[in-house]
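Novice: Using only what follows, build the 3D model:
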Amino acid sequence: MAGYVLQNGGHGGLFVTEDAGSTWDQILIDATTVGQDVNINDIELTMENGSIVAYVGVEYETGFGKSVYRIEQSGGTWNVAEDMLAANTSNGSQIVVSINDVELSVTRDTVFATGTDAGTNHPVAYYKPLDASGLWTPFTTSGFPNDPGKRGYAITIGYDTVYCAVDHEIYYIPLGESSWKVGYSYPVGTQINFLYFDDLLAGTGTGLYEHPSDGTPVSTSVKPLLQEEEEKNWMKINPNPMITSAQIQFTLPERGNCLL
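Specialist: Numbering: from 1, shown residues only. The predicted structure follows:
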């Protein structure tokens, strides 16, 4: 599956291919005809009871999508359902938010989501067990930022800890505890685009960073993940051994000279 976003008042859409990309079909979420539909921020695919299921996080806009959609394959069709309706939440209230990131646990038995509340415009985070009685449940707000204008950009699950990126900060909460903590703050203005746990990796607007494991949920130091390898492999030749039509690729600093 692939989704896209159109900025400045436009609306994107969700597409699926079942033949390795040779042909694509649009899955309509709110629209009734092929074309602009809703802005798609993230997609997670899994299997439930033998069926392919996609959890799709969308940008909230009045009349153009809300929160998370559950899309299940049935025969040759895809059934679309808004998944954060009141009947599917732990508090019995519909969740109306912009979801920026959707993530599955390693065991694929729980789905997590983060984004921004559509009413008071503050960060939010949720989880839903993928069982017969699973309901979308908000994480505690204790220790979590509640400031209008902040956005939840990324969420992931470690061995026993949930991590959530809000603007330039990474918050964490060990499972079973009742309050979030700030694990690491990047420089103000840094946007964290995704998180991945193995240890914890953070993809930002300035590169990919590693939080080495030192016994704490989030290390107090980070390092560019690929910097050392890039320094070792600043030139690549393909194919190797060379032929007359070989390609030479250089990795240079932002400022530098190259003499051939």
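
Novice: Every contact and neighbour count from this point should use C-alpha atoms.
Specialist: Noted.

Novice: ok, and the closest non-adjacent residue to residue 173?
Specialist: residue 180 (4.8 Å; CA to CA, 6 or more residues apart in numbering).

Novice: ok, which stretches of the stretch 101-250 of the chain are helices?
Specialist: 227-232 (DSSP state H, counting those that start in this stretch).

Novice: What segments of it are strands?
Specialist: 110-117, 123-129, 137-138, 152-157, 161-166, 169-174, 181-185, 192-197, 200-204, 207-211, 223-224, 235-238, 247-250 (DSSP state E, counting those that start in this stretch).

Novice: separation between the residue nearest to residue 110 when sequence neighbours are not counted and residue 48?
Specialist: Once flanking residues are discounted, residue 110 sits nearest to residue 129: 4.3 Å by CA to CA, 6+ apart. Going from residue 129 to residue 48 by CA to CA, to the nearest Å gives 12 Å.

Novice: What of residue 182?
Specialist: For residue 182, the distance to residue 48 - CA to CA - is 34 Å.

Novice: Which one's more surrounded, these two?
Specialist: For the pair residue 182 and residue 48, the greater number of neighbours falls to residue 182 (18 against 14), based on other CA atoms under 10 Å.

Novice: Which pLDDT value belongs to the more buried one?
Specialist: Residue 182 carries a pLDDT score of 94 in this model.

Novice: Ok, residue 251 next?
Specialist: Reported pLDDT for residue 251: 64.

Novice: Residue 239 against residue 246, yeah?
Specialist: Yes: contact criterion CA atoms under 8 Å: residue 239 and residue 246 qualify, at 5.9 Å.

Novice: Pick out the shakiest of the strands of the stretch 101-250 of the chain, pLDDT-wise.
Specialist: Looking at those, the bottom one is strand 235-238 with a mean of 68.

Novice: Kindly provide the distance from the closest residue to residue 118 other than its chain neighbours to residue 85.
Specialist: Spatial nearest neighbour of residue 118, chain neighbours left out: residue 97 (4.7 Å); criterion: CA to CA, 6+ apart. Counting by CA to CA, the separation of residue 97 from residue 85 is 12 Å.

Novice: Please apply the same query to residue 153.
Specialist: 22 Å.

Novice: Looking at the two, which one has more neighbours?
Specialist: residue 153 (27 against 19).

Novice: so the more buried one touches residue 193, yeah?
Specialist: Yes: if you go by CA under 8 Å, residue 153 and residue 193 touch, sitting 6.1 Å apart.

Novice: can you count the residues close to the residue nearest to residue 110?
Specialist: Residues near residue 129, counting by other CA under 10 Å: 17.

Novice: list the contacts for it?
Specialist: Taking CA atoms under 8 Å, 6 or more residues apart in numbering, we find residue 129 in contact with 109-111, 135-136.

Novice: just the buried members of the residues you listed?
Specialist: 110-111, 135-136 (16 or more other CA atoms under 10 Å).

Novice: Lowest mean pLDDT among the helices and strands of this protein, which one is it?
Specialist: The helix or strand of the chain with the poorest confidence is helix 227-232; it has a mean of 50 (mean pLDDT, DSSP states H and E).

Novice: which one of the contacts of residue 129 is nearest residue 225?
Specialist: residue 111 (27.0 Å; CA to CA).

Novice: what about that closest one, distance to residue 197?
Specialist: Residue 111 is 15 Å from residue 197, by CA to CA.

Novice: swap in residue 186?
Specialist: Counting by CA to CA, the gap from residue 186 to residue 197 is 18 Å.

Novice: Right, I'll leave it there.
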